[in-house]
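Engineer: give me coordinates for this.
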Amino acid sequence: MSVDVAYPVFHTPDPALALLVARQLLSVGDQEHARVCVDVELPRVADVLHVLSAMPDAWFRKEDVDDWVRDQSDPTGLHIGVHAPQLPMDAAFLSTHLPLWASMLDQPVGSIEDTFTAVASKYVAEIRWDSLAWPEVPERDLYADYKHAVVTVLFNASTRELDEWSNGHTVLVHVRRGNGHGYEERHASWLAEQIGQTVIGPPQFS
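Structural biologist: Numbers count the residues shown, from 1 in each chain. Take a look at the predicted model:
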């Protein structure tokens, strides 16, 4: 079973610029079947309410392993996710479950990215476009890739696990993980070259 590997190709303090570069990278591939997913960590009640207002179709969840152990019955529904219209807006309830994560999955490309960037880029957050297709490049001995062609923007996070705050925003390009002989970096480098960028850091594995 093949897996992907992601390379950083752009870093900036400007979230709108990160989104622009990511969109340029998308244009290198075939977007016919592409979809976009977004995810953001919300540390305060005011943040939850703000995102709830701006993204009324989002899903909210809690990522607290200890909470699962304490109560596997999940009376709040936050272990599996609560749709925005069903999320209680009571501040006392929300404050006992912070931080919450808000996400939208498998949305049409171009439908939510601008709103999400404006709302969520001050938090730890991610935009991920998948189901792209990278082209074959015979003269560079690069194969077409329909499975691992992904572009990600990390807002205020240094890794794709979104587990560590990092100032600035990073664009990652994902490719098929090869046999360790440099194919992955050559592929990522070629993709970055198409938009005037380069690989700027070590690979990130899933």
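
Engineer: tell me how far P85 lies from I127.
Structural biologist: The spacing between P85 and I127, counted by C-beta to C-beta, to the nearest Å, is 23 Å. Where C-beta positions appear, they are placed from N, C-alpha and C, glycine not excepted.

Engineer: who has more neighbours, these two?
Structural biologist: Neighbours were counted for P85 and for I127 using other C-beta atoms under 10 Å; I127 has more, 26 against 8.

Engineer: sec struct for the residue nearest to that one when sequence neighbours are not counted, please.
Structural biologist: Among residues not flanking I127 along the chain, V153 sits closest, at 4.5 Å (C-beta to C-beta, 6 or more residues apart in numbering). Using DSSP: H, G, I helix; E, B strand; the rest coil as the criterion, the local structure at V153 reads strand.

Engineer: residues contacting V153?
Structural biologist: Taking C-beta atoms under 8 Å, 6 or more residues apart in numbering as the contact definition, V153 lies against 18-19, 22, 117, 126-128, 169-172.

Engineer: out of these, who's the most crowded?
Structural biologist: Ranked by neighbour count (other C-beta under 10 Å), these have V171 at the top, with 29 neighbours.

Engineer: just for this protein, where's the confidence low?
Structural biologist: For the chain, residues meeting the criterion pLDDT under 70 lie at 1, 65-72, 180.

Engineer: which residue of it lies farthest from its centroid?
Structural biologist: Among the C-alpha atoms of the chain, the one farthest from their average position, using C-alpha atoms, centre = their mean, is that of E139, at 31.4 Å.

Engineer: would you confirm that that residue belongs to a helix?
Structural biologist: Yes. Using three-state DSSP, the secondary structure at E139 is a helix.

Engineer: shift numbering so it begins at 51
Structural biologist: Got it, the first residue is 51 from now on, which makes the last one we talked about E189.

Engineer: just the helices in this protein please.
Structural biologist: Counting by DSSP state H, one finds helices in the chain at the ranges 65-76, 95-104, 115-120, 141-145, 163-170, 233-243.

Engineer: and those: which comes nearest F255?
Structural biologist: If you check each of those against F255 by C-beta to C-beta, helix 233-243 wins as the nearest, at 10.0 Å.

Engineer: parallel or antiparallel, list what pairs with the longest strand along the chain.
Structural biologist: With DSSP state E setting the assignment, residue counts place strand 215-226 as the longest strand in the chain. Paired strands of strand 215-226, with direction, are strand 54-62 (antiparallel), strand 200-207 (antiparallel) (DSSP bridges).

Engineer: send the alpha carbons of it over as CSV?
Structural biologist: Extracted C-alpha coordinates of strand 215-226, given in CSV (Å, rounded to 0.1, in the frame of the first residue of the first chain):
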residue,chain,number,x,y,z
TRP,A,215,2.1,26.4,17.0
SER,A,216,4.4,28.0,14.5
ASN,A,217,4.3,31.6,13.3
GLY,A,218,3.5,31.9,9.7
HIS,A,219,1.8,29.8,7.1
THR,A,220,3.2,27.0,5.0
VAL,A,221,2.2,25.5,1.6
LEU,A,222,2.9,21.7,1.3
VAL,A,223,2.9,19.7,-1.9
HIS,A,224,2.2,16.0,-1.5
VAL,A,225,3.5,13.2,-3.8
ARG,A,226,3.8,9.5,-3.7
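
Engineer: done for today, thanks.
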